[in-house]
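> With the input below, show me the fold.
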Amino acid sequence: MSNNTLILGLQWGDEGKGKIVDNLSEDIDVVCRFQGGHNAGHTIKVDGEKTVLHLIPSGILHERSICLIGNGVVLALDALDKEIKNLKKRNITFNDRFFVSSACTLILPSHISIDKSRDKTESIGTTGRGIGPAYEDKIGRRAIRFGDLGDKTNLKEKIGSLVEYHNKLLDLYHQKPHDIDEVYEEVIRYEELYKSYCVDSQDLMQKWVEENRSILFEGAQGTLLDIDHGTYPYVTSSSTTAGGVSTGLGIGPKYIDKIIGISKAYTTRVGEGPFITELFDHNGKMLAERGNEFGATTGRPRRCGWLDLVALKKAIFTNSVTDLCITKLDVLDEMKKINVCIDYEDDLPVYKEFEGWLSSTEGITEYDSLPNNAQIFIKYIEDFVRSKASIISTGPSRDQTILR
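The predicted structure follows:
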């Protein structure tokens with residue numbers, strides 16, 4: 001039986017999924033993205049060279065991996081085109097190893113205008129990339145899909161009625177309307193992407209399962225940003241949890257054999273919304289500096305706080321996590337005292353305090369080589385959330401990882 005693995009974030013995103021996907025995809029046949037858009041940013045460091053991927057699955061860096069963008073992803077064609085061109089400059093090949101679902105909803109320039117003008121009044125803290133409005137059109141059953149590029153007459157009509165609708169919305173925000181012909185020209189500019197990569201992704205998924213290929217499902221953002229189970233309304237517009245795999249790729253849950261949930265050894269959040277363990281003192285500043293906490297997509301500084309075990313335990317349940325992965329352990333190396341939240345009282349965190357280990361864990365690859373206090377800290381987390389930390393990341397590079 002093949003071993004199909006799901007990797008997803010258990011916090012508000014930015015947990016370090018890209019590195020772990022990259023680490024595990026070396027021996028994987030297929031890597032799939034199933035939700036989100038180019039608001040995701042997966043940073044991978046190989047031989048000192050940093051790559052940030054927003055749409056293309058991290059497996060693209062491994063020659064043997066096939067990559068698929070599933071139907072649950074909303075697609076900005078200009079962003080995809082740019083990403084492909086940048087990777088091709090580095091001699092990364094795409095022929096017969098990169099596919100995009102015909103059912104992906106397209107992000108139009110008018111979606112971006114709606115997103116930006118709306119966020120000025122509503123302040124949810126979106127990335128302003130048109131992702132929310134594109135998902136709205138998908139649910140409203142009026143979206144343009146990637147496969148629509150195959151029928152230009154039909155495409156022009158669809159774009160016409162959708163942009164007309166968008167212009168009415170933009171009028172409410174006192175923004176200038178979009179020209180229908182210009183939007184059509186912008187979309188058709190990327191016809192080559194359609195010709196090269198468009199597929200019926202569900203047929204492909206079925207074929208790969210029948211051929212017993214090993215598949216890695218790459219989640220974007222994190223559980224606490226899930227449209228249903230996150231800190232609503234300060235969430236993303238897609239299903240970031242395990243359920244999103246089945247809807248975003250058309251594959252049943254029994255084909256997911258292993259679910260790796262990723263959490264930092266502390267907590268971060270970008271943008272607005274509640275954050276019960278947020279720190280405003282020197283500890284918060286130290287986490288931000290040592291953890292280099294700036295968004296890979298937006299460059300926005302991340303809010304930092306202690307690890308929230310109550311939220312983590314719930315996220316592990318929501319996703320049926322089989323393996324816990326703790327990242328950025330080395331960021332805590334210089335902390336004299338380390339806290340974790342074990343309960344809430346009147347919306348305030350109840351903490352358990354640990355003695356810091358005050359020695360470097362960076363680059364350690366064997367669990368037994370970790371300082372004793374670091375092992376005590378990890379053991380407590382495992383016992384509290386009832387899940388074994390089978391992967392521990394001790395630095396940004398591919399090889400700075402403990403696999404248990």
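
> where's P301 relative to A143, distance?
For P301, the distance to A143 equals 33 Å [C-beta to C-beta, to the nearest Å]. C-beta here means a position set from N, CA and C on the backbone, and glycine is covered the same way.

> neighbour-wise, which of the two wins?
Neighbours were counted for P301 and for A143 using other C-beta atoms under 10 Å; A143 has more, 22 against 12.

> how about that one, secondary structure?
Of the three states, A143 takes coil under DSSP: H, G, I helix; E, B strand; the rest coil.

> Could you measure from it over to R269?
Taking C-beta to C-beta, one finds A143 at 29 Å from R269.

> what residues are up against the closest residue to Q221 other than its chain neighbours?
Closest residue in space to Q221, ignoring its immediate chain neighbours: G13 at 4.1 Å, by C-beta to C-beta, 6 or more residues apart in numbering. By C-beta atoms under 8 Å, 6 or more residues apart in numbering, G13 lies in contact with 40, 220-222, 225, 240, 270.

> Mind putting these into JSON lines with distance to D399 and neighbour count?
Shown next, in JSON lines, are the contacts of G13 (distance: C-beta to C-beta, whole Å; neighbours: other C-beta atoms under 10 Å):
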{"residue": "A40", "distance to D399": "24", "neighbour count": "28"}
{"residue": "A220", "distance to D399": "24", "neighbour count": "28"}
{"residue": "Q221", "distance to D399": "26", "neighbour count": "29"}
{"residue": "G222", "distance to D399": "25", "neighbour count": "26"}
{"residue": "L225", "distance to D399": "30", "neighbour count": "28"}
{"residue": "T240", "distance to D399": "28", "neighbour count": "30"}
{"residue": "V270", "distance to D399": "28", "neighbour count": "21"}
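
> re the thing from before, what about the residue nearest to Q221, is that helix, strand or coil?
Using three-state DSSP, the secondary structure recorded for G13 is coil.

> which phi and psi does it have?
For G13, the backbone dihedrals are phi 80, psi 180 (criterion: degrees, to the nearest 10).

> likewise I159?
I159 adopts backbone torsions of phi -60, psi -40, taken as degrees, to the nearest 10.

> Distance of the residue of the chain positioned farthest from its centre relative to D137?
Distance to the chain centre peaks in the chain at T153, reaching 34.9 Å (criterion: C-alpha atoms, centre = their mean). According to C-beta to C-beta, T153 stands 20 Å off from D137.

> got the contact list for E186?
With contacts defined as C-beta under 8 Å, 6+ apart, E186 is in contact with 78, 108-109.

> can you pull out the helices in this structure?
17-24, 77-89, 109-122, 131-139, 152-172, 180-188, 191-197, 201-210, 243-249, 282-290, 309-318, 372-385 (DSSP state H).

> Show me what the longest one is packed up against.
Helix 152-172 sits against helix 109-122, helix 180-188, with contacts defined as 3 or more C-beta pairs under 8 Å, 6 or more residues apart in numbering; DSSP states H and E.

> Tell me the buried residues in the last one?
By neighbour count, and taking 16 or more other C-beta atoms under 10 Å as the criterion, the buried residues in helix 180-188 are 180, 183-184, 186-187.
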